[in-house]
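Novice: sequence and predicted structure below; questions after.
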Amino acid sequence: MTYARTEPTDQEPDIRARPPLVREFLLVAGLFVVYKLGRVAVGGDAGKAFRNAGSVWDLERVLRLPEEGAAQGLLLHGEPLIHAANTYYAAVHFPATVLFLVWLYWRRPRHYLWARRALAALTAAALALHLLFPLAPPRLLPAAALTDTGQVYGPTVYGQSPATDTMANQFAAMPSLHVGWAVMVAVGLIAASRSRWRWVWLLHPALTLLVVVGTANHYWLDAIVAGALLALALAVIRPPRPAGATAAGPRGAVPTAGPAAVRSAASPAAPVVMSPGAPVGEPPVPEPGAPVGASVVASPGGPLVPESGPAAEPVSETVASGVAR
């Protein structure tokens, strides 16, 4: 058996795999509200958050990671650029993830269930880490000497200070869900899409990483931890099998008959006749070229012929003569 490679085609969504819309809307919205409320509720101890920030900063220097100021320097070349980065941080993160889930729900329902579960697992792990490890962002760490670009150039989603900010927990820097969700969006679209341009989606997490570090909202380690948590989630929550994959062959491969089978199927079965002078009661001898294993049927007034059956390789003259003898 051989396999013929076929090009992937865009197929219709599997409607049977699509969960009820109202249930999914309430579920996703409920999970998001729980996360937001939980993130604010676990505001954390400011002193502990700044001590953790100093430890993270020192660890990055030990690991020889580049300083966050290098990324910020790329964005501070002009006010329009840093303003665009702040806007990207504030306005792209959540809408992009929502659009990603909506598209998967409508076009790739099986991938939607996988992505939703992975995002929920990542977000739950992030909430637990916010509680256990409060962390002040680098824009608030004096040792980092970085500019709070949101406050200076705008727009910003945070208040003037963590103590007066009732809408967000500014001590929830680790892990960076901006980066974690962006990576999941890219991975999900690459897995669910068939376009040769699907790898362009990797630009989204790359830009997000530059933005969150360059605006001094996150450390490099925040992004690394988010990636590690997502990798663990994806290791447990396996993606759906490709629609065209089977256990017998690789993705996109269609089984085809081999050359021998094609030759056998194309060759008509040769008649099997009794050799002249053969003793009565002896089994009929197939003529040279007759298929092996063909049953013999007597036709009234005619030669014995094989019954139609699965095609097989022809018998050589030597084998046929040996049987006759």
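Specialist: Arrived safely, thanks for sending. Because the structure is predicted, anything quoted here is derived from the model rather than measured.

Novice: which residue ranges form the strands in this protein?
Specialist: 2-5, 253-256, 296-298, 304-306 (DSSP state E).

Novice: verify the stated contact: Gly38 with Leu127.
Specialist: Yes: contact criterion Cβ atoms under 8 Å: Gly38 and Leu127 qualify, at 5.1 Å. C-beta coordinates here come from the backbone N, C-alpha and C atoms, glycine included.

Novice: shared neighbours, those two?
Specialist: Counting by Cβ atoms under 8 Å, 6 or more residues apart in numbering, Gly38 and Leu127 have no contacts in common.

Novice: buried sites along stretch 99-119?
Specialist: 100-101, 103-105, 107-116, 118-119 (16 or more other Cβ atoms under 10 Å).

Novice: go ahead and confirm Ala125 touches Ala226.
Specialist: No: with contacts counted by Cβ under 8 Å, Ala125 stays clear of Ala226, the gap being 9.4 Å.

Novice: in this structure, which helix has the most residues?
Specialist: helix 109-132 (DSSP state H).

Novice: for that helix, which helices and strands make contact with it?
Specialist: Applying 3 or more Cβ pairs under 8 Å, 6 or more residues apart in numbering; DSSP states H and E, we find helix 109-132 packed against helix 21-41, helix 93-107, helix 177-192, helix 220-236.

Novice: okay, the ones you listed in a markdown table with distance to Ala53 and mean pLDDT next?
Specialist: Shown next, in a markdown table, are those (distance: least, Cβ to Cβ, whole Å; pLDDT from 0 to 100):
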| stretch | distance to Ala53 | mean pLDDT |
| --- | --- | --- |
| helix 21-41 | 17 | 81 |
| helix 93-107 | 22 | 93 |
| helix 177-192 | 18 | 96 |
| helix 220-236 | 11 | 97 |
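
Novice: mutual contacts of Ala125 and Ala226, please.
Specialist: Common neighbours of Ala125 and Ala226 (Cβ under 8 Å, 6+ apart) are Pro175.

Novice: more neighbours, those two?
Specialist: Ala226 (29 against 19; other Cβ atoms under 10 Å).

Novice: where does this structure dip in pLDDT?
Specialist: 1-15, 41-44, 163-164, 166, 242-325 (pLDDT under 70).

Novice: the same query, at a cut-off of 80, please.
Specialist: Residues of the chain meeting the criterion pLDDT under 80: 1-18, 35-44, 160-168, 241-325.

Novice: Phe171 is in contact with Ala46, correct?
Specialist: Yes: counting by Cβ under 8 Å, Phe171 is a contact partner of Ala46 at 7.0 Å.

Novice: common neighbours of these two, please.
Specialist: Common neighbours of Ala46 and Phe171 (Cβ under 8 Å, 6+ apart) are Ala136, Pro162.

Novice: which of these two has more residues huddled nearby?
Specialist: Phe171 (26 against 16).

Novice: give me the phi and psi angles of that one.
Specialist: phi -100, psi 30 (degrees, to the nearest 10).

Novice: and the one 5 residues further on, by the same measure?
Specialist: For Ser176, the backbone dihedrals are phi -90, psi 100 (criterion: degrees, to the nearest 10).

Novice: any idea how many residues pack against it?
Specialist: Neighbours around Ser176, by other Cβ under 10 Å: 28.

Novice: repeat for Val211
Specialist: 27.

Novice: OK, contacts around it?
Specialist: Per Cβ under 8 Å, 6+ apart, neighbours of Val211: Leu75, Ala85, Tyr88, Tyr89, His178.

Novice: again, only using 7 Å
Specialist: The neighbourhood of Val211, defined by Cβ atoms under 7 Å, 6 or more residues apart in numbering, consists of Ala85, Tyr88, Tyr89.

Novice: turn those into a markdown table, including neighbour count and distance to Leu207.
Specialist: Shown next, in a markdown table, are those (neighbours: other Cβ atoms under 10 Å; distance: Cβ to Cβ, whole Å):
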| residue | neighbour count | distance to Leu207 |
| --- | --- | --- |
| Ala85 | 24 | 9 |
| Tyr88 | 19 | 7 |
| Tyr89 | 22 | 10 |
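
Novice: wait, which of the residues you listed is closest to Leu210?
Specialist: For those, the closest approach to Leu210 (Cβ to Cβ) belongs to Ala85, at 7.7 Å.

Novice: how far away is the closest one from Ala168?
Specialist: 18 Å (Cβ to Cβ, to the nearest Å).
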